[in-house]
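Asker: from the sequence below, what's the structure:
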Amino acid sequence: SMNTSRRCFLQASTAFLGASLASAADPTPAEDPHQRYCDAFYYKEPSAFRFDYPFDGGVLQDGYGYPVLGCETGTDGVRRLRVHVVIRASGVSGLEVVMPDGQIVPTSVVSGRHMGTVLLQDRITAVKARGKRNGKPVETVCRIVWAKNVYKRYRCYIDDHSFFFRDILQKNYGSLFDCFYLAKLRELHRRYKTKFNLNCFNSTPERDFDLSMFPDKYKSEFEDNADWLRLAFHSENEFPGEPYREAPPEKLAADFDLVAKELKRIAGKAYSAGLQIHFAMVRADSYKVLAQRGVKMLQTSGRKNPATGDKFCDFMLPNTITAYIRENQGWMDFDSGIIFYNGALPSTCEWVPVEQTIPLMHQKLDNPKLNSLINIAGHEQYWWPFYKNFKSDIFDRWDAALRYVTEKGYKPIWIEDGFFGGVE
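Answerer: Prediction:
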């Protein structure tokens, strides 16, 4: 019978999806506007009142695909984004969809959902749905973020820096670029105009060096090259891993301020807030610590550790949010103003052989929801011959990646510039 086949399908689907969707271990309140990413096919969810599309806080852009329907310029010369809205309104009567200026959006009911089209002209637009349930007024809001004037761009950052500082100190070079590592990065910059953001530890893993030992005599040279080479905070040390996963905001703030102070002394205006955090994990109550220090965007691919199902490199974001970020370019946390974005390629440069660079990149480059802003990223250690996992062809791996994105028309940016990585 139909019921039997559907039941078999549901059982098979649930087994296939595993615990990541709609599991008891990952409960999501019925009223959570992000719940739909945990809906497993046809299972009957509790009554809900929320926007199915767009996703609350999701960053949209022209050319993005559904729910974006396109851009148009009105007779007033203003460019607007046309977006489809879909509202699930179980048990809600007299539903109205209202724009911030009070304008009512015409809607139709399709398969039990209310649907309409809105025109956006602002960076952030709060679209409201309201009605009555059990005789009482109810409302739900979707905050739509529009990144205007997007173009194909890439951010380049390298994590885990301490070795080049130690090398320059020990050798007492006349120039920063007498250090082979910085010389190699400069060569890549000269070829592709790449802007390199170097995320820095305070100390080496062995703790035989820390930034307070590094002289300020290279400051003018750092500043002369700040158009393409900048230094930012990463963590106090490489170990332990995930240093801020459980740390209170005060610990993150203290480490950030310690490293930032030294980097400003060492590199002056080549210091940047455009960082990545070691292991991409901080508590939610630490987002404001980062925002207050100039951080605008944080990279996460929204993934769980596949071995354990545990959260991994996702800034401890709720699973409903990370599920969205896995498939979409960005999501704004309105409390802090930080945008979490997915720009990462399937692997960092040191792990991708030259012949696999282009095929792997196309996982991102061919997806309009993920391909306007990409990262080329890696880690300092793999450049150094003394390191146990040294890659002797690492320059070629980086060169292959940077050459290909440049050929594809991607422009280098600083992630801290403008809004959403330099688009406006």
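Asker: and stretch 100-108, how far apart are its ends?
Answerer: For stretch 100-108, the first-to-last residue distance is 20 Å (CA to CA, to the nearest Å).
Asker: give me the contact list for it.
Answerer: The contact list for stretch 100-108 (CB atoms under 8 Å, 6 or more residues apart in numbering) reads 85, 87, 95-99, 114-118, 125-127. Placement of C-beta: from N, CA and C, glycine included.
Asker: drop anything exposed from the residues you listed.
Answerer: 85, 87, 95, 97-98, 114-116, 118, 125, 127 (16 or more other CB atoms under 10 Å).
Asker: so Cys156 lies in a strand, does it not?
Answerer: Yes: membership of Cys156 in a strand is supported by DSSP: H, G, I helix; E, B strand; the rest coil.
Asker: surely it is in contact with Ala377?
Answerer: Yes: using CB atoms under 8 Å, Cys156 makes contact with Ala377 at a distance of 7.1 Å.
Asker: more neighbours, those two?
Answerer: Ranked by neighbour count (other CB atoms under 10 Å), Cys156 and Ala377 place Cys156 first, with 28 against 23.
Asker: residues in contact with that one?
Answerer: By CB under 8 Å, 6+ apart, Cys156 lies in contact with 194-197, 375-377, 402, 412.
Asker: swap the cut-off to 6 Å and go again
Answerer: Neighbouring residues of Cys156 by CB atoms under 6 Å, 6 or more residues apart in numbering: 194, 196, 376.
Asker: among these, who's most crowded?
Answerer: Ile376 (26 neighbours).
Asker: can you read off the pLDDT for that residue?
Answerer: On pLDDT, Ile376 comes in at 97.
Asker: ok, what's across the strand from it?
Answerer: Counting by DSSP bridges, Ile376 is bridged to Cys156.
Asker: what distance do you get for it to Ile358?
Answerer: The gap separating Ile376 from Ile358 is 13 Å, by CB to CB, to the nearest Å.
Asker: how about Gly330?
Answerer: 25 Å.
Asker: these two: which is more packed in?
Answerer: The neighbour count for Gly330 versus Ile358, taken as other CB under 10 Å, is higher for Gly330 (24 against 16).
Asker: which residues of the stretch 51-200 of the chain fall in helices?
Answerer: Remark: helices assigned in the stretch 51-200 of the chain by DSSP state H, counting those that start in this stretch are 163-171, 180-192.
Asker: can you pull the contacts of the nearest residue to Ile124 once chain neighbours are set aside?
Answerer: Once flanking residues are discounted, Ile124 sits nearest to Val145: 5.5 Å by CB to CB, 6 or more residues apart in numbering. Residues near Val145 by CB under 6 Å, 6+ apart: 59, 124, 332.
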